[in-house]
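Colleague: Have a look; sequence and predicted model below, questions after that.
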Amino acid sequence: MTVQEYIAAHKERFMDEWASLIRIPSVSCQAEHKADMLRCAERWRELLLAAGCQQAEVLPSDGNPFVYAEYQSPITNHQSQIPTVLVYAHYDVMPVEPLEQWNSDPWEPSIRNGRLYARGADDDKGQAMIQAKAFEYMAKTGQLQCNVKFIFEGEEEIGSPSLEAFISKHKELLKADIILVSDTSMIGKDTPSITTGLRGLAYWQIEVDGPNRDLHSGHFGGAVKNPINALCEMLAQVVDKRGRITIPHFYDDVLPIPEEERQMIAQIPFDQQRYNAAIDVDDVFGEDGFSTLERNSCRPSFDVCGIWGGYTGEGSKTVLPSKAFAKVSCRLVANQDHEKISQTFVNYLQTIKPNGVRLTVTPMHGGQGYVCPIDIPAYRAAEKGFEKAFGKRPLAARRGGSIPIIAAFEKILGCKTILMGFGLEQNAIHSPNESMDLEVWEKGIIAVAEFYKEYAQ
């Protein structure tokens, strides 16, 4: 039986099982849903056992529980020669508010125009179901020549605070040759792609203190250093006119983009004028020598995320403020250590701080970037899986966002992750009316099933 035939024969059950997960409001950031987190974990345990896993359990953590399941392939007795795939996903979802903007109940799946609408339709219950059903097909039809482990968490949407400690504690249990994740997106429905890189992150809050109180700008202006002016002076120096970050040694560990990957990026359909129009800017800005798509995915960046101080209420108040604040971040690339960059930035600001003010820079959080080589066997297997499902070779595409857990997997478990994501921009994850394209969902099952066939070779 082909995977297409299997999907057709079991589609009604697949949809019912998907719906049973969606109906559980597993919102990790809201304490009122604590019981729902356990309920969703238990439901996943049931589904993974029914799909063919020989064992599955709900394991406690410092936060929400984890779901662990495993399948030992009976194809050969030489288990050490069989590759082991670790499948990661998350069962928690974002809040549904503002509820009035939904066109249907977010906790009750609704199918319209070839899409399933609900919270978690894509992120990540829909994509996790792709993994579960591809595994089920391969296991139930006796074709699976890999050992498979599943680890599903319930805290991804709040930054996975318990994950690193959990995988460190269960390092042997989770040992694998490759990690498979479906929690990313493709360039487009007709332009399949595999995410090969994610940027890291470093984030700080800056406080500049001046006089011991707000001062009359007429009596003191021009004689006392204004903290807002001082803050702006410092921030303006961090990026030069060529789009280069001026922090000393910032680029020391930045690796060049491989030429093969630059050629793939150049094939991505992209209209610069349409891009500009979509965000209503007359021009873009970034590091010299790189395209827009390279700048927002393969190169580091610095941004002021918020800035405040002084009087901002209605009308005017002639005041020289005593304090100024900013929140700033850097998106980092693979091989840049976020802790090293964080301290380097703190030191740099102290060297350019003007006299007359005091400076406090507080690191807030961060994470490592990640790059997957496109020449390893698991990537080639994923590439062939996409090609068989979508009819064309997927492009390798780095993404500008961050998923710090991917770097944590590599650091602790010592293996690479293949990001076989099937989301689309129009799926509106985290937003009202989140959805999943059902045709893409089925093709995702096909692609992952084909991955297992290819990877076992």
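Modeller: Here it is on my side, so go on.

Colleague: Where does the prediction get shaky in the stretch 1-150 of the chain?
Modeller: 76-80 (pLDDT under 70).

Colleague: Please enumerate the strands of it.
Modeller: 55-59, 66-71, 84-90, 110-112, 115-117, 147-153 (DSSP state E, counting those that start in this stretch).

Colleague: Including distance to E97, could those go into JSON lines?
Modeller: Glycine gets a C-beta too; all of them are placed from N, C-alpha and C. Output for the strands of the stretch 1-150 of the chain, formatted as JSON lines (distance: least, C-beta to C-beta, whole Å):
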{"stretch": "strand 55-59", "distance to E97": "28"}
{"stretch": "strand 66-71", "distance to E97": "27"}
{"stretch": "strand 84-90", "distance to E97": "20"}
{"stretch": "strand 110-112", "distance to E97": "18"}
{"stretch": "strand 115-117", "distance to E97": "16"}
{"stretch": "strand 147-153", "distance to E97": "23"}
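
Colleague: Can you say which of the ones you listed is nearest to D282?
Modeller: strand 115-117 (34.6 Å; C-beta to C-beta).

Colleague: Can you give the contact residues for the closest one?
Modeller: 18, 103-104, 109-111, 121, 126, 433-438, 441 (C-beta atoms under 8 Å, 6 or more residues apart in numbering).

Colleague: elements contacting the helix or strand where I167 lies?
Modeller: Element membership of I167 [criterion: DSSP states H and E] is helix 163-169. Where contact means 3 or more C-beta pairs under 8 Å, 6 or more residues apart in numbering; DSSP states H and E, helix 163-169 is packed against strand 147-153, helix 404-413.

Colleague: Distance from the chain centre to the longest one, please.
Modeller: Pointing back at helix 404-413 there. Helix 404-413 has its C-alpha centroid displaced from the chain centroid by 13 Å (C-alpha atoms, centre = their mean, to the nearest Å).

Colleague: any idea which of the contacts of strand 115-117 is closest to F345?
Modeller: E434 (35.4 Å).

Colleague: looking at it, the closest one is touching D122, isn't it?
Modeller: Yes - with contact defined as C-beta atoms under 8 Å, E434 counts as touching D122 (6.0 Å).

Colleague: between those two, who's got more neighbours?
Modeller: D122 (28 against 24; other C-beta atoms under 10 Å).

Colleague: Show me where the stretch 1-150 of the chain has its helices.
Modeller: Secondary structure of the stretch 1-150 of the chain by DSSP state H, counting those that start in this stretch: the helices cover 3-22, 34-51, 125-140.

Colleague: closest one to Q263 among those?
Modeller: Taking these one by one with C-beta to C-beta, helix 125-140 is closest: 28.3 Å.

Colleague: just checking, what packs against the closest one?
Modeller: helix 3-22, helix 34-51, strand 84-90, strand 147-153, helix 438-455.

Colleague: what comes up buried for it?
Modeller: 125-139 (16 or more other C-beta atoms under 10 Å).

Colleague: tell me the angle it makes with helix 34-51.
Modeller: 30 degrees (axes from the mean of the first three to the mean of the last three C-alpha atoms, to 10 degrees).

Colleague: returning to what we had before: which one of the contacts of strand 115-117 sits closest to G289?
Modeller: Out of the contacts of strand 115-117, the member with the shortest distance to G289 (by C-beta to C-beta) is D437, at 36.5 Å.

Colleague: Please report phi then psi for the residue nearest to the spatial centre of the chain.
Modeller: Centrality entry for the chain: nearest residue to the mean C-alpha point is I403, 3.8 Å, by C-alpha atoms, centre = their mean. When read as degrees, to the nearest 10, the backbone of I403 gives phi -130, psi 90.

Colleague: Give me the pLDDT value at it.
Modeller: Looking at I403, its pLDDT stands at 82.

Colleague: who touches G423 in this structure?
Modeller: Counted by C-beta under 8 Å, 6+ apart, G423 has contacts 122-123, 127, 183-186, 429, 436.

Colleague: ok, it to L180 distance?
Modeller: 15 Å (C-beta to C-beta, to the nearest Å).

Colleague: what do you get for A230?
Modeller: For A230, the distance to L180 - C-beta to C-beta - is 49 Å.

Colleague: Output the below-cut-off pLDDT ranges for the stretch 201-350 of the chain.
Modeller: By pLDDT under 70, the stretch 201-350 of the chain has no low-scoring segment.

Colleague: quick one: the helices in it?
Modeller: Assigned by DSSP H, counting those that start in this stretch, the stretch 201-350 of the chain shows helices spanning 217-220, 227-236, 259-267, 272-278, 292-295, 338-352.

Colleague: any idea which of the helices of the stretch 1-150 of the chain is most buried?
Modeller: Neighbour counts (mean count of other C-beta atoms under 10 Å) averaged over each of the helices of the stretch 1-150 of the chain peak at helix 125-140, with a mean of 26.

Colleague: Just the buried positions in stretch 377-386, please.
Modeller: In stretch 377-386, counting by 16+ other C-beta under 10 Å, buried: 378-379, 381-386.

Colleague: before we move on, what about stretch 241-250?
Modeller: Within stretch 241-250, the residues that count as buried by 16+ other C-beta under 10 Å are 243-245, 247, 250.

Colleague: now, which of the residues you listed sits nearest K11?
Modeller: G243 (49.6 Å).

Colleague: Grab the nearest non-local neighbour of the closest one.
Modeller: E287 (3.9 Å; C-beta to C-beta, 6 or more residues apart in numbering).

Colleague: about what we covered before: which one of the strands of the stretch 1-150 of the chain lies nearest to R299?
Modeller: With C-beta to C-beta as the criterion, R299 lies closest to strand 84-90 of these, at 27.0 Å.

Colleague: Which neighbouring elements make contact with the closest one?
Modeller: helix 125-140, strand 147-153, strand 178-181, helix 404-413.

Colleague: Return the distance of stretch 381-389 from the chain's centre.
Modeller: Taking mean C-alpha positions (C-alpha atoms, centre = their mean), stretch 381-389 and its chain are 22 Å apart.

Colleague: Mind listing residues that contact that stretch?
Modeller: With C-beta under 8 Å, 6+ apart as the test, stretch 381-389 has contacts from 192, 194, 374, 393-394, 418, 420, 443-444, 446-451, 454-455, 457.
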